[in-house]
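# attaching a predicted model along with its sequence, questions to come.
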Amino acid sequence: MATLVEDAARLAEQLVSPLGRRWSHVQAVAARAGELTGAVRPDQAEHLVAAAWLHDIGYAPEIGLTKFHPLDGARHLRDLGWPADVVNLVAHHSGARFEAAERGMSEQLDEFPFADNPVLDALVTADLTTGPDGERLTYDERIAEILKRYPVTDPVHRTWVKAAPILKEAVHRTTSRLPESHPK
């Protein structure tokens, strides 16, 4: 019997591997999430890693109906019957609420409950310390890379100007929750 994480990896490979470097990013985010499981309760670790595998499936053309990948991915997962915690993590990963506001899609994203919790913080950390080719970056390097990639008129750029300081706190909270940050 396959585990939730194995099922997530399989679905991600099916939908994201055709997208080139996005697949490298997703694989590295999932690996990074595995390193961050110490920042969440043991019963949440599987959902964290599964969501890391699935966080960018909404970029797949066959499910990218609105072209807002957190929403498209979450709707697809909900329709497939994935656990609500995983679906909601995908919907709200890495500041999606800020981008939804920029795109006038907040009401649509509100279909999925937002939970500001250690699991979401860890997913944000995994995603925002991993570059587009899967390379490990600091949070500041990742935000600089995003801002450089998108013109100032793009909703993604405007999102990160607003969201960066808030999500940096999520990274700090995750780091502080890791066992190695609390020596005995």
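Cool, the structure landed. Numbers count the residues shown, from 1 in each chain.
# low-confidence ranges in this protein?
1-2, 181-184 (pLDDT under 70).
# quick one: contacts for the residue nearest to the spatial centre of the chain?
The residue lying closest to the centre of the chain (Cα atoms, centre = their mean) is His93, at 3.8 Å. His93 is in contact with 51, 55, 70, 120, 123-124, 127, counting by Cβ atoms under 8 Å, 6 or more residues apart in numbering. C-beta here means a position set from N, CA and C on the backbone, and glycine is covered the same way.
# can you show me the strands along this structure?
In the chain, no segments count as strands under DSSP state E.
# which stretches of it form helices?
Shown for the chain, the helices assigned by DSSP state H span residues 4-16, 21-35, 45-54, 69-80, 84-92, 96-103, 106-109, 118-127, 139-149, 155-177.
# related to what we said a few turns ago, as TSV, the contacts of His93 with neighbour count would be great.
Below are those laid out as TSV (neighbours: other Cβ atoms under 10 Å):
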residue	neighbour count
Ala51	34
His55	33
Pro70	26
Leu120	22
Leu123	28
Val124	26
Asp127	23
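# tell me the one among the residues you listed nearest to Pro18.
His55 (16.7 Å; Cβ to Cβ).
# which other residues reach stretch 155-174?
Residues contacting stretch 155-174 (Cβ under 8 Å, 6+ apart): 36, 39, 94-95, 98-99, 102-103, 118, 120-122, 124-125, 128-129, 139-140, 143, 146-147, 150-152.
# buried among those residues? Make that a PyMOL selection.
Filtering the contacts of stretch 155-174 down to the buried ones (16 or more other Cβ atoms under 10 Å) takes a single PyMOL command:
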select buried, resi 36+39+94+95+98+99+102+103+118+120+121+122+124+125+128+129+139+143+146+147
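# list the contacts of Ala33.
Neighbours of Ala33 in contact, by Cβ under 8 Å, 6+ apart: 48-49, 51-52, 122-123, 126.
# of all those residues, which comes closest to Pro179?
When the contacts of Ala33 are compared for distance to Pro179 (Cβ to Cβ), Ala122 wins out at 13.2 Å.
# can you pull the contacts of the residue lying closest to the closest one once chain neighbours are set aside?
Distance criterion Cβ to Cβ, 6 or more residues apart in numbering; nearest residue to Ala122, sequence neighbours excluded, is Leu36 at 4.5 Å. Counting by Cβ under 8 Å, 6+ apart, Leu36 makes contact with 48, 122, 125-126, 174, 178.
# re earlier: among the helices of the chain, which is nearest Asp133?
helix 21-35 (5.2 Å).
# in that closest one, what counts as buried?
Residues of helix 21-35 classed as buried under the neighbour-count rule (16+ other Cβ under 10 Å) are 22-33.
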